[in-house]
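*Asks:* Sharing a model prediction with you, sequence too.
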Amino acid sequence: MIIAQISDTHIALDIPDADRRATDLALSIADINALDPLPDVIVHTGDIVHNGRQDEYAQAAAILANARAPVYVLAGNKDNRTALRETFAADGYLAPNLDFIQYAIERYPVRLLALDTSSVGNKGDFCPERLRHLAGLVAAEATKPIVVFAHHPPFVVSEGPEPVHFESLEVMSELSTLLRRSGRIVAVCSGHVHRSVSSELEGIPAIVAPSIATALRYGSYPPHMRQKPTYYVHRIDPVRGFSTETRVAGDA
């Protein structure tokens, strides 16, 4: 299975680099559309927009609608759950009866589990209700491998000024323990940190994608990459296992 991961597009309409952010997303979708083979899915790991406004979501959704592969979205700390749900409700995978945006996609050989780590602040949180819901999602199917997606990385991040991106170590530890115990999770993919990071969660590959919005991206990039959005292509193969490729939108 092939999964394209994009993150942290921060679409906004009334800031100096608004056009740049929209262009970065459009370039990324165009690059994904040109991949051969085409990814099975595209997962956006949150902070789709910057202010949680409906008009921002309308612009983001219009760009994402050009994707040739199905798109699944997560809530980040900048997102508004209500506006996000209203914008993407027609796609049918967002459960309308939950206060949080957390779901499983079952139609592929690999299960996709999307977590809602949003909190009132910048850091992530995971309440007991979300933890119980996740435990039910994990237990609902016992044979397929699982890739988990969350906006905030539920593991210590070795790069950048902050190693922990959750409200408390206890909350992060509870979530990490549940993920480790399933025995079938092949990767945990996150965003939020706006830089490329590779780590592991008790032997499980743990990946942080850079922000699609190039003006908000952290880290050192060679000159040919500085003005181009980057995203990840994850491959899950029964023989080769899990691998990640960094794609530079617009490069040959």
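*Replies:* Noted; the coordinates are in hand.
*Asks:* how about the strands in this protein?
*Replies:* Along the chain, the segments classed as strands by DSSP state E run 2-6, 41-44, 71-73, 103-105, 111-114, 146-150, 185-190, 197-201, 204-208, 230-237, 241-248.
*Asks:* Tell me which strands the first one pairs with, and in which orientation.
*Replies:* Looking back up the chat, that one is strand 2-6. Strand pairing for strand 2-6, determined by DSSP bridges: strand 41-44 (parallel), strand 230-237 (antiparallel).
*Asks:* so which of these is the most packed in?
*Replies:* strand 41-44 (a mean of 25; mean count of other C-beta atoms under 10 Å). Using the backbone N, CA and C atoms, a C-beta is placed for each residue, glycine as well.
*Asks:* Dump the C-alpha coordinates for it into CSV.
*Replies:* What follows is strand 41-44, C-alpha atoms only, in CSV (Å, rounded to 0.1, in the frame of the first residue of the first chain):
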residue,chain,number,x,y,z
VAL,A,41,-4.6,7.5,-0.3
ILE,A,42,-3.5,11.0,0.8
VAL,A,43,-3.6,11.7,4.5
HIS,A,44,-3.5,15.3,5.8
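*Asks:* residues in contact with stretch 163-177?
*Replies:* 115, 117, 119, 121, 123-126, 131, 134, 152-157, 192-193, 201-202 (C-beta atoms under 8 Å, 6 or more residues apart in numbering).
*Asks:* Show me which of the residues you listed are buried.
*Replies:* 115, 117, 119, 123-126, 131, 134, 152-155, 157, 192-193, 201 (16 or more other C-beta atoms under 10 Å).
*Asks:* Tell me which of those fall in helices.
*Replies:* Leu131, Leu134 (DSSP state H).
*Asks:* still on that earlier bit, export the strands paired with strand 2-6 to TSV and append columns for mean pLDDT.
*Replies:* TSV is the format used below for the strands paired with strand 2-6 (pLDDT from 0 to 100):
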stretch	mean pLDDT
strand 41-44	98
strand 230-237	96
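*Asks:* Arg217 is nearest to which of the strands of the chain?
*Replies:* strand 230-237 (7.8 Å; C-beta to C-beta).
*Asks:* returning to that earlier point: including distance to Leu84, could the strands of the chain go into TSV?
*Replies:* Listed next are the strands of the chain as TSV, based on distance: least, C-beta to C-beta, whole Å:
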stretch	distance to Leu84
strand 2-6	15
strand 41-44	10
strand 71-73	7
strand 103-105	12
strand 111-114	12
strand 146-150	15
strand 185-190	18
strand 197-201	25
strand 204-208	21
strand 230-237	20
strand 241-248	25
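*Asks:* looking at these, which is closest to Ala65?
*Replies:* That would be strand 71-73 among the strands of the chain, by C-beta to C-beta, at 8.3 Å.
*Asks:* And the contacts of the closest one?
*Replies:* 41-44, 46, 48, 64, 84, 88, 91, 93, 105, 112, 114, 149.
*Asks:* Could you point out which residue ranges in the stretch 151-252 of the chain have low pLDDT?
*Replies:* Scanning the stretch 151-252 of the chain for pLDDT under 70 picks out 252.
*Asks:* looking at the strands of the chain, which is closest to Arg20?
*Replies:* Among those, strand 230-237 sits nearest to Arg20 (C-beta to C-beta), with 14.8 Å.
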